[in-house]
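# Sequence and computational prediction follow.
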Amino acid sequence: MRKVFIFLIFSTMLFMVVSCSNNNNNTSGDQITTINDLVYEQKKIVNIEITQEQKGTFVWKLIDAAEIQAFLETISNIALERLPSEQDIAFMDKGLKFVEQGLYRIGFYGEDKNPLGDFLIWSDGKIYIRDNNVPDGEKVISYLSKVNHPEIYKKIMDKTNEMTAEGQKLERISATYWLGDEGEKTIEYYIKTVEEEFKDILSEKGDIILSGFEEYDLMLELVLAKKEGKWGLYDNRGSKILDHSYEAISNHEMPNGYKANGLVGVRNNGMWGAIDQVGKIVIQPEFEYIDLNHYEEVEPFIKVRKNGKFGYLTRKGKTLVDPIWDTTFMDVLNVLENIIFVKEGDKWGGIRIRDEKAAPVDWTLIPPEEAQLAFNNWKYDYQHNFYVHQIKNGETSIAASTKIFFNEYFRKNSRRIRSLPEFSQEQNPDFNELAKFVYENSENNLEDWSITKDDFSETVKRYFGDLNYIDQTSTYLEYIDGKYIPKGWSDHGFYIYELTDLAKGQTREGKDRWKAQITGYYFYELDGDPDETYWKSRNAQVVWKKIKEDVEYKGLNFWQACDRLAWNNPGDILEPAGEWLIEFIINDPTGDIYFTYLSCQKKGFQID
């Protein structure tokens, strides 16, 4: 009651100031248009909102009937003059007036967010309003206040500052759904920050629904709320539907701006599942990846990944195609019938779907190459680009994407280059170094950490081709009863890798042979720890400084900054540890790509 009384006093004072201002500026015989004439059906107004136009952010609103009436009386007699089209264009300065700092929009709304008018006010008090209530086909008429009203602007700012100081500033949160024949429906709530980390969610009428949560997201009839890092689900009256057990949610807008009236992704213990719009668990959280493609009429099924393999589910959560494939996709834009294309190794096939039932795989249903590449499950960043430009087109120029690919490949498979022994096509690698490389790039027995003689042989063939050697004990491995058992060793730190030269030739057998020159930049194990201040390499000190001072690196973590440097001339600021010059053949370029080495030379590398 006290709040209404104070606002009535403020409004009355404004009314007196505005009335005097208008009376002093009206000339006899003029036909006066006022804001009152252009805010329609005022008795139906249930909400007045103030938004900061330039930022598009909600500031505060009035929902109390007495406050609304007082505000309407305050502005009712502000005199306006009609703007001819050329003056309207000149005043708006080709739209630049809309992005000026300090511009506010005052909007008037009825039930169901029905707009009943609005006006703009700038920091100098100039007021601009358009008459949108014109017959179809006629131009909208614009009006400008006859005089500036800085006192109104000041009161808006005073109210904004007052509410901010009292912790009453509200943030609007909304979601719009398309409901078919019913048209679109917008769900809207308000967020009030109670403390620095905690927020309340309020209804349109200002009633508190939930209090003391960290974050909120909206469904059609429900509210997702985050507490202590976990998401739970509530109805729009605040009653709990699902416990706080999900560390992440996937509830994004579609490209058309609508939220999907369908499944919402939820993650529990690192695995993804989905709930429907009433909170029922439709897909249990047991997948590493789940693609909730929301255009059901275009792609009616859900792609999932489990244990590194892909499959499909129906939207009811039923398994359609078991997750056993290296790659799966639907080419819905080019293939009219429901066919799920699958890949096993380098072999493609297709599975026809009828009435949500899958037929056996048909290995004659092969997607076109363009689709294979577009939907392929690429393992590394820019592997697609590397395949198209280098493998297919034979390019040797080094683009940023090529550098990114090589750095990521060797960062994820560091032992494939870091332990690579020196050798040439005329001279085999030293067996001690060869054995160390082979062991580090083989799957070992978890009981005694050994690898078999056959596993050793397969890894040698994979990475070195038909190399002659004798099974024997080495510096790093004992050879006993057909098994290689490690003696123990350790390598420290890590590298980022810069591709500096790339050339292409052919082997005697006519296969493509590649030669790459790669520079390695060394870092200590603890360089990525922001709390470690003493044992930091010189390279790490440079990276941390870059993150702190360079605008292009701000917001990146240490590892992201290192990877960015790999394709941004790292040699300008980092100390290189050494260099590899390798010759190799590329295998499985569209899948789990790997190199078979033909030679390797090293320079530097005193660290290891």
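Perfect, thanks for sending it. Numbering: from 1, shown residues only.

# Let me see the ranges of the helices in the stretch 401-550 of the chain.
Using DSSP state H, counting those that start in this stretch, the helices assigned to the stretch 401-550 of the chain run over residues 415-418, 431-440, 453-464, 538-549.

# pLDDT (mean, whole number) over the last one?
Per-region confidence: helix 538-549 scores 93 on mean pLDDT.

# In CSV, list the C-alpha atoms belonging to it.
Extracted in CSV, the C-alpha atoms of helix 538-549 (Å, rounded to 0.1, in the frame of the first residue of the first chain):
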residue,chain,number,x,y,z
ARG,A,538,59.0,-20.4,-20.0
ASN,A,539,56.5,-21.3,-22.7
ALA,A,540,53.7,-21.6,-20.2
GLN,A,541,54.5,-18.1,-18.8
VAL,A,542,54.1,-16.8,-22.3
VAL,A,543,50.7,-18.5,-22.8
TRP,A,544,49.3,-17.3,-19.4
LYS,A,545,50.4,-13.7,-20.3
LYS,A,546,48.7,-14.1,-23.7
ILE,A,547,45.5,-15.1,-22.0
LYS,A,548,45.7,-12.2,-19.6
GLU,A,549,46.6,-9.4,-22.1
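
# So which elements touch that helix?
Under the contact criterion of 3 or more C-beta pairs under 8 Å, 6 or more residues apart in numbering; DSSP states H and E, helix 538-549 touches strand 512-523, helix 558-565. (Each C-beta comes from the backbone N, C-alpha and C, glycine too.)

# For L103, find the nearest of those.
Proximity of the helices and strands packed on helix 538-549 to L103 was assessed by C-beta to C-beta; the nearest stretch is helix 558-565, lying at 36.8 Å.

# mind listing what's buried in that closest one?
Going by neighbour count (16 or more other C-beta atoms under 10 Å), the buried part of helix 558-565 is 558, 561-565.

# one step back: would you list the helices and strands packed on helix 538-549 in a markdown table and tack on mean pLDDT?
Converted to a markdown table, these look like this (pLDDT from 0 to 100):
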| stretch | mean pLDDT |
| --- | --- |
| strand 512-523 | 97 |
| helix 558-565 | 94 |
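
# Out of those, the one nearest D592 is which?
Evaluated over the helices and strands packed on helix 538-549, closeness to D592 peaks at strand 512-523, with 17.7 Å, by C-beta to C-beta.

# packing partners for that closest one?
Judged by 3+ C-beta pairs under 8 Å, 6+ apart, the packing partners of strand 512-523 are helix 400-412, strand 494-506, helix 538-549, strand 576-587.

# from these, which stretch is densest packed?
Highest mean neighbour count of the helices and strands packed on strand 512-523: helix 400-412, a mean of 20 (counted as mean count of other C-beta atoms under 10 Å).

# elements contacting that helix?
helix 383-386, helix 415-418, strand 494-506, strand 512-523, helix 558-565.

# at 7 Å instead, please
On a contact count with 3 or more C-beta pairs under 7 Å, 6 or more residues apart in numbering; DSSP states H and E, helix 400-412 meets helix 383-386, strand 494-506.

# Mind putting the ones you listed into TSV with mean pLDDT and distance to D512?
TSV is the format used below for these (pLDDT from 0 to 100; distance: least, C-beta to C-beta, whole Å):
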stretch	mean pLDDT	distance to D512
helix 383-386	96	13
strand 494-506	96	6
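
# I'd like to know which of these is closest to E53.
helix 383-386 (41.8 Å).

# Just the C-alpha atoms of the closest one, please, in PDB.
C-alpha atoms of helix 383-386 as PDB (Å, rounded to 0.1, in the frame of the first residue of the first chain):
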ATOM      1  CA  GLN A 383      39.900 -33.900 -40.800                       C
ATOM      2  CA  HIS A 384      37.100 -33.200 -43.400                       C
ATOM      3  CA  ASN A 385      39.100 -30.300 -44.800                       C
ATOM      4  CA  PHE A 386      42.300 -32.300 -44.800                       C
END
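
# what distance separates it from the centre of its chain?
Its chain's C-alpha centre and that of helix 383-386 lie 22 Å apart, by C-alpha atoms, centre = their mean, to the nearest Å.

# Check stretch 435-453 too.
Distance of stretch 435-453 from the chain centroid (C-alpha atoms, centre = their mean) equals 39 Å.

# Mean confidence (pLDDT) on it, please.
On average, the pLDDT along stretch 435-453 is 94.

# start the count at 55, not 1, going forward
Right, with 55 as the first residue, what we last looked at is stretch 489-507.

# Residues contacting it, please?
Contacts to stretch 489-507, defined as C-beta atoms under 7 Å, 6 or more residues apart in numbering, come from residues 469-470, 473-475, 509-510, 513-514, 517, 525, 528, 530-531, 536-540.
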